[in-house]
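Trainee: I need the structure of the sequence given here:
(3 chains)
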Amino acid sequence: MVATKGGDRVSGMIVETEAYRGPEDRASHAYGGRRTRRTETMYGIGGTAYVYFVYGMYYQFNVVTAVPEVPHAVLIRALQPVEGVELMRACRPGRPDVSLANGPGKLCTALAIDRSLDRADLLGDRVWIERGDRPVSAASIARGSRIGIAYAGEWARKPWRFWLKGNPFVSRRDGMPRHVRAGRKAGGGA
DNA sequence: CAAGTGATTAGC
DNA sequence: CTAATCACTTGC
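Mentor: From the prediction side, this is the model:
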């Protein structure tokens, strides 16, 4: 994934994504055919960016993937920095390189992605996706449930989060629910 | 683990 | 109009 900042390339290898299948997917902003000023972007043609603002401070970058009127999208959740690392560090001062873009909000900050890129054509010159240097085998991709959508009932259990096995730049360690703390309910995993 | 932050949304 | 929610991150 590449963005331009003042003519310079800032890029990273996509190492984690999540799929959102509106309108039936309860976790999707387009659930039930919801169509508002914000979600309208997802009803556009595949190959455009869906960028929105959440939690009062973060942007999220998605790729619209289907035909017009079918609101499917893929959230880009983490990048392994490749080009313009200095520029990313400037956007996220004090962070170690491994944490520059290992989360959907973080990568938008690192690449300076904001609402102005909502509906951007990914064949344009502001943000786009290129084929990587090496092919990625299916065997190297892990899948699991999506994050931050507990409200979505049975849809929350769909294994629609994908990441590169063992890659240190994903937002969470492989499959693990984020750091099992001592002191919480003992037991747990079967 | 919990607060923070403000756009977006549903519901009057 | 108002109140609740949220596809997250950071620091205690």
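Trainee: The one residue in chain A that gets nearest to DNA strand B: helix or strand, and which one exactly?
Mentor: Using CB to the nearest atom of the strand, residue A:56 is the residue of chain A that sits closest to DNA strand B, at 2.5 Å. Any C-beta I mention is one placed from the backbone N, CA and C, and that applies to glycine too. According to DSSP states H and E, residue A:56 maps onto no helix or strand at all.
Trainee: ok, now which ones touch it?
Mentor: If a contact means CB atoms under 8 Å, 6 or more residues apart in numbering, then residue A:56 has no contacts.
Trainee: For it, give its distance to residue A:162.
Mentor: According to CB to CB, to the nearest Å, residue A:56 and residue A:162 sit 28 Å apart.
Trainee: Can you pull the residues of chain A lying near DNA strand B?
Mentor: A:29, A:34, A:36-39, A:52-57, A:115, A:181, A:184 (CB under 7 Å from any atom of the strand).
Trainee: Among those, name the buried ones.
Mentor: Buried members of the residues of chain A next to DNA strand B, scored by 16 or more other CB atoms under 10 Å, are A:29, A:39, A:52.
Trainee: pretty sure the second one contacts residue A:29?
Mentor: It refers to residue A:39. Yes. Counting by CB atoms under 8 Å, residue A:29 is a contact partner of residue A:39 at 4.8 Å.
Trainee: hey, what's in contact with both of the two?
Mentor: By CB under 8 Å, 6+ apart, residue A:39 and residue A:29 have these common neighbours: A:22, A:71.
Trainee: so residue A:105, which of the three states?
Mentor: For residue A:105, the assignment made with DSSP: H, G, I helix; E, B strand; the rest coil gives helix.
Trainee: Point to the residue nearest the middle of chain A.
Mentor: Nearest to the mean C-alpha position of chain A, by CA atoms, centre = their mean, lies residue A:76 at 2.0 Å.
Trainee: For it, which non-adjacent residue is spatially closest?
Mentor: residue A:61 (5.1 Å; CB to CB, 6 or more residues apart in numbering).
Trainee: same deal with residue A:163?
Mentor: Counting by CB to CB, 6+ apart, residue A:16 is the residue found nearest to residue A:163 once chain neighbours are left out, at 4.1 Å.
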